[in-house]
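Novice: Sequence first, then the predicted structure, then my questions.
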Amino acid sequence: MSDITEKNLTEIVKLIKNKEIKSEELTKSFIKNINKDKKLNCFITKCSEDALNNAKRFDKSPKLDTLLPGIPIAVKDLFCTEDVRTTAGSKMLENFVPRYESTITNNLWNEGAFLLGKLNCDEYAMGSSNETSYFGSVKNPIAENTVPGGSSGGSASALTANLTPTTIGTDTGGSIRQPASFTGTVGLKPTYGLCSRWGIVAFASSLDQAGPMTKTVEDCALMLEAMAGFDKKDSTSINKKKENYSKNLTDNIKGLKIGIPKEYRVDGMSKEIDKIWENGKKILKDSGAEIVDITLPNTKYALPTYYIVAPAEASSNLARYDGVKYGFRSAKGNNLIEMYENTRSEGFGDEVKRRILIGTYVLSSGYYDAYYLKAQKVRQMIKNDFDQSFKKVDAILTPSTPTSAFKIGEKKDDPISMYLNDIFTVPVNLAGIPAISIPAGVDMNNYPLGLQLIGKPLNEQKILNIAYAAEKKINFKQSLNRWWEK
Amino acid sequence: MSIDKDKIKHISKLARISVDEKKIEDLTKDLSSIFKFIEQLNELNTDKVEPLSSILNEPLRLRKDEINDGKMRNKILENSPQKNEQFYVVPKVIE
């Protein structure tokens, strides 16, 4: 058999179900790759021994009527895993061991999967390049000097490098879709409330959503099916019937209307991105969809809105890190207040501190109306733009990112240019709607570029179907020289 | 709104994050450029817009106030940076 780790999740699940491979053999193959991950730096915590034990346990009495039978999965280190260290990429949580399991990971384990390890990410998911992690930056398998995107950068790299057959990330402003685009993989941010937030280290609670990161659209449908579902422990979880995304996946998209928003053609966007966007339109048209020009007039205000709302929520959420109940505590300080101030100064990295300060400021007395309230009004306008458009179209097609993967260090000292990378992904989070990024081509350096399909609330099936149809015709293939193993 | 050093000191006090004197300069510069970017929103007239209060279409649920886990005091205390028997320990707050 050819190298099992090169196969996609759907193929692997089939091999397990047909008893052509055992979970132990499968797990060993991935661990072999993981042990050569040093240069990529994808893993914060490896769980190889436990994973092997779980694989053996599965093989002894295999339960094959599940969605993910005997599948080892490494997850972003933002999901709390019972008795396995969960750091959120921060010094603050370097030694934090949760005593409970997040709902999303628990859902995966209930479908037969088990934990392979915890993947690197930007600190508290705040970043677009995985360079803010306390555990060091992650490299993109496509080329040694490039970032994998962020914040789910470790997840995207691990998937691309065949260190895990599938993975999960979280997306607050693009943290699943942007790294997916940078690595040539598929990433989906579900409708706000579809996947439980319980047990995920909180960043901005009205924007955070967990979602799958996979090699194919079919894998993505399968993973979403395993992850999604009502959870009474999350007060914003939507109570609706579970959908069979993988069973209902079809490339028949005849008659669907696809919107093209002119505001997504931004200054300085490369020709290649324009080209893959045009090609995407053509492919969907050839598949029987109708292309419709639409307008989302407040698009340019999405990013400034996001940089009020997200830091405001982050400053509230991260107030809990006081060095008392869990996490890092500074040894310096003569009284309680000084202990707090030193703990938070030494425990958080620069980007996290920057965002806490922005958030504190926009919520502070005298400035709340000018910033936070203003932002919530513009957020409503951005949501209205989408609501209006979805009266005319079934889905919206845009590029996923304004550039391909950039160089390590290139944007590190310029927060605004870093933030601009999320220009196409952030509006979706503000509106609480679903979107998927699929690989759609390469630029002149041969670096992957993604296209994004945005859907109506709870229309994951529809965007998956459109993505499935597009994927077949785009036929994106990537060959890596596995430089990190040399 | 311009951000100056005094403002940075004030916000960091509110956020309970001590900021190194050496870093105040850089922070002032970064936050000034970020706020300049954010203030693009002032171009928009929002007088007649209601602020978004929830992204969900349904109201938040209430649940019964009942105990569904517990009895893990020691396990939870294991994550504490400083403890004494079943208590968290903090620097002295009363003389």
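Specialist: Arrived safely, thanks for sending.
Novice: residue closest to the middle of the chain?
Specialist: Since no chain was named, I'll use chain A. Central residue of chain A (C-alpha atoms, centre = their mean): A:I176, 2.1 Å from the mean position.
Novice: ah, I was thinking of chain B
Specialist: B:A15 (6.7 Å).
Novice: For the residue nearest to the centre of chain A, list the residues it contacts.
Specialist: A:S152, A:G169, A:T170, A:G187, A:L188, A:K189, A:G211, A:M213, A:S437 (C-beta atoms under 8 Å, 6 or more residues apart in numbering or on different chains). In this view, the C-beta of every residue, glycine as well, is placed from N, C-alpha and C.
Novice: Most neighbours out of those, which is it?
Specialist: Highest neighbour count within the contacts of A:I176: A:S152, with 38 neighbours (other C-beta atoms under 10 Å in any protein chain shown).
Novice: and that residue, how far is that from A:K407?
Specialist: Per C-beta to C-beta, to the nearest Å, A:S152 is found 19 Å from A:K407.
Novice: Can you tell me, leaving aside adjacent residues, what's nearest to the residue nearest to the centre of chain B?
Specialist: A:T360 (4.2 Å; C-beta to C-beta, 6 or more residues apart in numbering or on different chains).
Novice: Quick check: next helix or strand after the strand or helix carrying that neighbour?
Specialist: Element membership for A:T360, per DSSP states H and E: helix A:350-363. Per DSSP H and E, the first helix or strand lying C-terminal to helix A:350-363 is helix A:374-389.
Novice: which strands and helices sit next to that following helix?
Specialist: Packed against helix A:374-389 by the contact rule (3 or more C-beta pairs under 8 Å, 6 or more residues apart in numbering or on different chains; DSSP states H and E) you find helix A:302-317, helix A:426-431.
Novice: so how far is the helix or strand that it is followed by off the chain centroid?
Specialist: Past helix A:374-389, further along toward the C-terminus, the next helix or strand under DSSP H and E is strand A:395-399. How far strand A:395-399 lies from its chain's middle: 18 Å, per C-alpha atoms, centre = their mean, to the nearest Å.
Novice: Please identify the buried residues of whichever helix or strand comes after strand A:395-399?
Specialist: Scanning forward in sequence from strand A:395-399 by DSSP H and E, the next helix or strand is helix A:415-419. Buried positions in helix A:415-419, judged by neighbour count with 16 or more other C-beta atoms under 10 Å in any protein chain shown: A:P415, A:M418, A:Y419.
Novice: Near chain B, which residues of the stretch 101-250 of chain A? Just list them.
Specialist: A:Y192, A:G193, A:S206, A:K232, A:S235, A:T236, A:I238, A:N239 (C-beta under 8 Å from any C-beta of the partner chain).
Novice: which among those residues end up buried?
Specialist: Buried among these by 16+ other C-beta under 10 Å: A:Y192, A:G193, A:S206, A:T236, A:I238.
Novice: count of neighbours near the nearest residue to A:E225 once chain neighbours are set aside?
Specialist: The spatially closest residue to A:E225, leaving aside those adjacent along the chain, is A:Y245, at 4.7 Å (C-beta to C-beta, 6+ apart). A:Y245 has 22 neighbouring residues, counting by other C-beta under 10 Å.
Novice: looking at this, A:F230 is in a helix?
Specialist: No. Counting by DSSP: H, G, I helix; E, B strand; the rest coil, A:F230 is not part of a helix but coil.
Novice: ok, it to A:G211 distance?
Specialist: 17 Å.
Novice: One more: A:L480?
Specialist: The value you get for A:L480 to A:G211, if C-beta to C-beta is used, is 24 Å.
Novice: same check, this time on B:V49
Specialist: Taken as C-beta to C-beta, the span from B:V49 to A:G211 is 29 Å.
Novice: next one: A:I142
Specialist: Applying C-beta to C-beta, the value for A:I142 to A:G211 is 22 Å.
Novice: now do A:L430
Specialist: Taken as C-beta to C-beta, the span from A:L430 to A:G211 is 16 Å.
Novice: give me every residue that touches A:T185.
Specialist: By C-beta under 8 Å, 6+ apart, the residues touching A:T185 are A:A156, A:L159, A:T160, A:M213, A:T214, A:K215, A:P439.
Novice: Which ones among those residues lie within strands?
Specialist: A:M213, A:T214, A:P439 (DSSP state E).
Novice: Could I get the contacting residues of the last one?
Specialist: The neighbours of A:P439, taking C-beta under 8 Å, 6+ apart as the test, are A:A180, A:S181, A:G184, A:T185, A:V186, A:P448, A:L449, A:G450, A:I474, A:F476, A:Q478.
Novice: tell me which residues form a beta bridge with it?
Specialist: A:G450 (DSSP bridges).
Novice: Could you list the buried residues of the single longest helix found in chain B?
Specialist: Secondary structure of chain B per DSSP state H: the longest helix is helix B:21-38. Using 16+ other C-beta under 10 Å as the test for burial, helix B:21-38 gives B:I24, B:L27, B:T28, B:D30, B:L31, B:S32, B:I34, B:F35, B:F37, B:I38.
Novice: ok, then the element right after it?
Specialist: helix B:73-77.
Novice: Pull the distance from that next one to the chain's centre.
Specialist: Per C-alpha atoms, centre = their mean, the centroid offset for helix B:73-77 relative to its chain is 25 Å.
Novice: Identify the spatial nearest neighbour of the residue lying farthest from the centre of chain A, chain neighbours not counted.
Specialist: Note on chain A: the largest C-alpha distance from the chain mean falls to A:N334, namely 41.3 Å (C-alpha atoms, centre = their mean). Once flanking residues are discounted, A:N334 sits nearest to B:P91: 7.4 Å by C-beta to C-beta, 6+ apart.
Novice: repeat for A:T87
Specialist: A:L93 is the one closest to A:T87 (C-beta to C-beta, 6+ apart), at 4.7 Å.
Novice: Can you give me the neighbour number for the one you found?
Specialist: Count around A:L93 with other C-beta under 10 Å applied: 25.
Novice: Output the contacts of A:T185 as TSV; include the columns distance to B:K83.
Specialist: Formatted as TSV, those follow (distance: C-beta to C-beta, whole Å):
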residue	distance to B:K83
A:A156	38
A:L159	39
A:T160	42
A:M213	38
A:T214	42
A:K215	45
A:P439	49
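Novice: Going by distance to A:R197, which of the residues you listed wins?
Specialist: A:R197 lies nearest to A:M213 out of the contacts of A:T185, by C-beta to C-beta, at 17.3 Å.
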